[in-house]
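Student: Take this sequence and fold it.
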Amino acid sequence: MKALIFEGPGRKTLKDRDIPVIDSATDAIVRMTKTTICGTDLHILKGDVPSCTPGRILGHEGVGVIEQVGAGVTQFKKGDSVLISCISSCGKCEYCRRGMYSHCTTGGWILGNTIDGTQAEYVHIPHADTSLYPIPDGADEDALVMLSDILPTGFECGVLNGKVQPGGSVAIVGAGPVGLAALLTAQFYSPAELIVIDLDENRLQAAKRFGATNTIRATGEEAKQRVFELTENKGVDTVIEAVGIAPTFELCQEIVAAGGVIANVGVHGFKADLHLEKLWSHNIAITTRLVDTVSTPMLLKTVRSGKIDPKQLITHRFKLDDILDAYDTFSKAADTRALKVIIEAV
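Tutor: Alright, predicted model coming up:
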């Protein structure tokens, strides 16, 4: 089968690999139909994720068809169409019983990280019964690819952790796919202000289309001043950090209101300063989280009902044979205007 292989920082190749096989009774083999590229894949290629070692097939998102199941799989059979969760969960360990599937002792974020992932023609899925979701008849598979990771990530790590409330004020720092997913799902809670901050005008225009009340094309002190102008010099109740670099995390600290929440979503490869000399008396909370995908069933229902349309995040399409071009397009989003790319494996 063809697969996209991480060869070390800055290096990737499309190669032939053996089709994976069942290792455990609870495994499934899925024939991929559609996958995508995540910002986390770019972090891996930058060397920011040391747990992912050279030789790994990348990717942790997508939809496909069950090719084979282990003897212990009871919820799925060959031929079933499935959504692949970016998080694998056994459903039995201490962390899974607490709803923290991201910290499953035999799962978590392993696809495309510590085991081979979805940017291939086939993928091996451990804990299939609790790591896959059936795709209903007539569902839009393109939209469902967005439910593998970015939609639950934006919602759980940003909106839920950030305690977005009706009538509240929210600033999302970073208008990439995850930031825009947070924007879409924040509207479940009817905040009065939804401010999106980025330097890319194309992404800010997308944010306006997706429901932002205001956009700010600035960073640092200028962005802070604009936020305070929009919030009667108070700052915002919720700040969602969706970039993963020190300057944006520091901006979040500058614009959070007293009693507010900073919800970090971004993947940080380097240290970021926490200014307790300013914030110690500010009554704020700072949250971190790796997505648990506990919200995936609910999000599936909202997408099916048309309450949200994650398909509008898709800007480009490629075949698996052209995945290197897809990476080039996705990594140069400022020039290509890419948000999410769909890669067809068939």
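Student: Name all residues that make contact with the residue nearest to residue 187 when sequence neighbours are not counted.
Tutor: Closest residue to residue 187 apart from its sequence neighbours, by C-beta to C-beta, 6 or more residues apart in numbering: residue 211 at 5.3 Å. The C-beta positions use only the backbone N, C-alpha and C, and glycine is treated the same way. Taking C-beta atoms under 8 Å, 6 or more residues apart in numbering, we find residue 211 in contact with 183-184, 187, 194.
Student: can I get those residues in TSV with neighbour count?
Tutor: Output for the contacts of residue 211, formatted as TSV (neighbours: other C-beta atoms under 10 Å):
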residue	neighbour count
183	25
184	23
187	17
194	25
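Student: and those, which of them are in helices?
Tutor: 183-184 (DSSP state H).
Student: Most widely separated two among the contacts of residue 211?
Tutor: The most widely separated members of the contacts of residue 211 are 184 and 194, with 10.2 Å between them, by C-beta to C-beta.
Student: what's near enough to touch residue 19?
Tutor: Residue 19 neighbours (C-beta under 8 Å, 6+ apart): 1, 29, 121-122.
Student: at 6 Å what do you get?
Tutor: Going by C-beta atoms under 6 Å, 6 or more residues apart in numbering, residue 19 touches 1, 122.
Student: Could you do residue 142 as well?
Tutor: 311, 314, 342.
Student: Helix or strand: which one has it?
Tutor: helix 141-145 (DSSP states H and E).
Student: just the strands in the stretch 51-200 of the chain please.
Tutor: 62-69, 81-84, 122-125, 132-134, 169-173, 193-198 (DSSP state E, counting those that start in this stretch).
Student: Just the C-alphas of the last one, formatted as CSV.
Tutor: Right, the one you point to is strand 193-198. Extracted in CSV, the C-alpha atoms of strand 193-198 (Å, rounded to 0.1, in the frame of the first residue of the first chain):
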residue,chain,number,x,y,z
GLU,A,193,-18.6,39.0,21.4
LEU,A,194,-16.6,36.6,19.3
ILE,A,195,-13.3,38.2,18.4
VAL,A,196,-10.8,36.4,16.1
ILE,A,197,-7.2,37.6,16.0
ASP,A,198,-4.8,36.6,13.2
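Student: just checking, what packs against it?
Tutor: In terms of contacts (3 or more C-beta pairs under 6 Å, 6 or more residues apart in numbering; DSSP states H and E), strand 193-198 is packed against strand 169-173, strand 214-217.
Student: Would you mind pulling the contact partners of the longest one?
Tutor: Taking contacts as C-beta under 6 Å, 6+ apart, the residues outside strand 169-173 that touch it are 164, 179, 182-183, 186, 191, 193-197, 227, 231, 236-241, 248, 251-252, 255.
Student: how about the residue nearest the centre of the chain, what does it touch?
Tutor: Against the mean C-alpha coordinate of the chain, by C-alpha atoms, centre = their mean, the closest residue is residue 150 at 2.8 Å. Going by C-beta under 6 Å, 6+ apart, residue 150 touches 177-178, 181.
Student: Now do the closest residue to residue 183 other than its chain neighbours, the pLDDT please.
Tutor: Sequence neighbours aside, residue 210 is the residue nearest to residue 183 in space, at 5.3 Å (criterion: C-beta to C-beta, 6+ apart). Confidence at residue 210, expressed as pLDDT, is 96.
Student: Return the residues in contact with residue 210.
Tutor: 180, 183-184.
Student: Make CSV out of those residues and add distance to residue 65 and pLDDT.
Tutor: Shown next, in CSV, are the contacts of residue 210 (distance: C-beta to C-beta, whole Å; pLDDT from 0 to 100):
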residue, distance to residue 65, pLDDT
180, 29, 97
183, 32, 98
184, 28, 97
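Student: Which one of the residues you listed is nearest to residue 99?
Tutor: residue 184 (22.6 Å).
Student: pretty sure the closest one contacts residue 307?
Tutor: No: using C-beta atoms under 6 Å, residue 184 makes no contact with residue 307, being 9.6 Å away.
Student: The closest residue to the residue nearest to the centre of the chain other than its chain neighbours and residue 87: what is the separation?
Tutor: Spatially, and ignoring its direct neighbours in sequence, residue 150 is nearest to residue 181 (4.5 Å; C-beta to C-beta, 6+ apart). The gap separating residue 181 from residue 87 is 16 Å, by C-beta to C-beta, to the nearest Å.
Student: and the residue nearest to residue 88 when sequence neighbours are not counted, backbone torsions?
Tutor: In this structure, residue 88 finds its nearest non-sequential neighbour in residue 107, 3.5 Å apart by C-beta to C-beta, 6+ apart. Backbone torsions for residue 107, taken as degrees, to the nearest 10, come to phi -150, psi -120.
Student: for residue 230, same thing?
Tutor: phi -80, psi -10.
Student: Spatially nearest residue to it (excluding sequence neighbours)?
Tutor: Per C-beta to C-beta, 6+ apart, closest to residue 230 is residue 214, 5.7 Å.
Student: For that neighbour, the count of nearby residues, please.
Tutor: 18 (other C-beta atoms under 10 Å).
Student: wait, is residue 297 part of a strand?
Tutor: No: assigned with DSSP: H, G, I helix; E, B strand; the rest coil, residue 297 falls outside any strand and is helix.
Student: okay, now it: neighbour count?
Tutor: With other C-beta under 10 Å as criterion, residue 297 counts 10.
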